[in-house]
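>>> Coordinates for the following, if possible.
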Amino acid sequence: GASDYSKKVLIFFQENNKISGWKIVDSQITHNNIQGPNNLYPTSTVDLELFIERESGYYLYKVILPIVIILVVCWSSVWILPRELESKLTITIVCLLSLIAYNFVIDSELPKLEYLTIIDWIILASYFYAALPNILAIYFFNLYNNNDHVKLKKYEVIAKRYGLFSYLLFVFLIILLNVSLNAENASAMISWMS
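Okay, the predicted model is just below:
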């Protein structure tokens with residue numbers, strides 16, 4: 001087994017050596033004897049294992065929250081009168097461009113992986129939900145110009161009631177699905193969902 005001194009040194013390391021963006025959640029030390037193919041006698045080894053977890057607070061507060069705020073501003077355009085197409089498009093286009101610019105800013109902070117992470121899925125969904133108010137503004141304007149006020153009112157109510165809510169629900173479902181499929185990789189902050 002591991003000596004008390006080795007355990008103390010490992011605990012000291014775990015408590016005092018911070019890895020930026022990561023939290024050391026546990027550690028383990030084991031002593032083994034291995035017989036190498038070229039050795040006459042077994043060699044003593046020490047195996048150190050550090051169990052680390054990515055700190056998700058940064059991504060929640062500095063990535064996801066600003067994206068949600070941009071989307072809230074973007075979807076506020078559905079409360080502008082349909083005849084005010086230029087005002088609506090100004091808001092929605094600026095928000096879409098802000099989202100794209102923000103993605104370039106945070107891109108250096110995100111890991112470059114060959115698969116999509118939770119944040120990647122949220123960003124992709126955000127692009128869709130930032131573009132949707134642009135399309136709705138034009139559609140509502142056409143309904144207004146064609147004097148189709150019944151259909152216009154119906155779709156306006158749906159957009160106001162469910163537009164932003166469906167985005168937030170979709171983000172929650174993305175997180176829930178990813179946590180369910182990869183519970184062992186989920187942060188402690190969101191692992192309660194699994």
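>>> When you work out contacts or count neighbours from here on, use the C-alpha atoms and nothing else.
Fine.
>>> any idea how far Ile19 lies from Leu113?
Distance check for Ile19 against Leu113: by C-alpha to C-alpha, to the nearest Å, it reads 20 Å.
>>> Who has more neighbours out of those two?
Higher neighbour count among Ile19 and Leu113: Ile19, with 11 against 7, using other C-alpha atoms under 10 Å.
>>> mind checking pLDDT for that one?
For Ile19, the pLDDT comes out at 73.
>>> Next, it: phi, psi?
Main-chain torsions, Ile19, degrees, to the nearest 10: phi -110, psi 120.
>>> how far away is it from Lys151?
Taken as C-alpha to C-alpha, the span from Ile19 to Lys151 is 56 Å.
>>> Same check on Leu48?
66 Å.
>>> Lys7 contacts His31, correct?
No - if you go by C-alpha atoms under 8 Å, Lys7 and His31 don't touch, sitting 11.2 Å apart.
>>> Can you list the residue ranges for helices in the protein?
Using DSSP state H, the helices of the chain run over residues 4-16, 57-59, 65-75, 85-107, 118-145, 149-181.
>>> In contact with the residue nearest to the spatial centre of the chain, which residues are there?
Note on the chain: the residue nearest the mean C-alpha position is Ile119, at 2.8 Å, using C-alpha atoms, centre = their mean. By C-alpha atoms under 8 Å, 6 or more residues apart in numbering, the contact list for Ile119 reads Ile64.
>>> at 10 Å what do you get?
Tyr59, Leu60, Val63, Ile64, Leu110, Ala125, Val171, Ile174, Ile175 (C-alpha atoms under 10 Å, 6 or more residues apart in numbering).
>>> Also Glu84?
Counting by C-alpha under 10 Å, 6+ apart, Glu84 touches Ser77, Ala137, Phe141.
>>> can you rerun that using 8 Å?
By C-alpha under 8 Å, 6+ apart, the residues touching Glu84 are Phe141.
>>> next one: Ser87
Counting by C-alpha under 8 Å, 6+ apart, Ser87 has contacts Ile80.
>>> pLDDT at it, what is it?
Here the pLDDT value assigned to Ser87 is 95.
>>> Where does the prediction get shaky in the protein?
Along the chain, the parts satisfying pLDDT under 70 run over 1-2, 183-194.
>>> Please report how far the residue of the chain most remote from its centre lies from Ile34.
In the chain, the residue that sits farthest from the middle, by C-alpha atoms, centre = their mean, is Leu40; the gap is 53.3 Å. Using C-alpha to C-alpha, we find Leu40 at a distance of 11 Å from Ile34.
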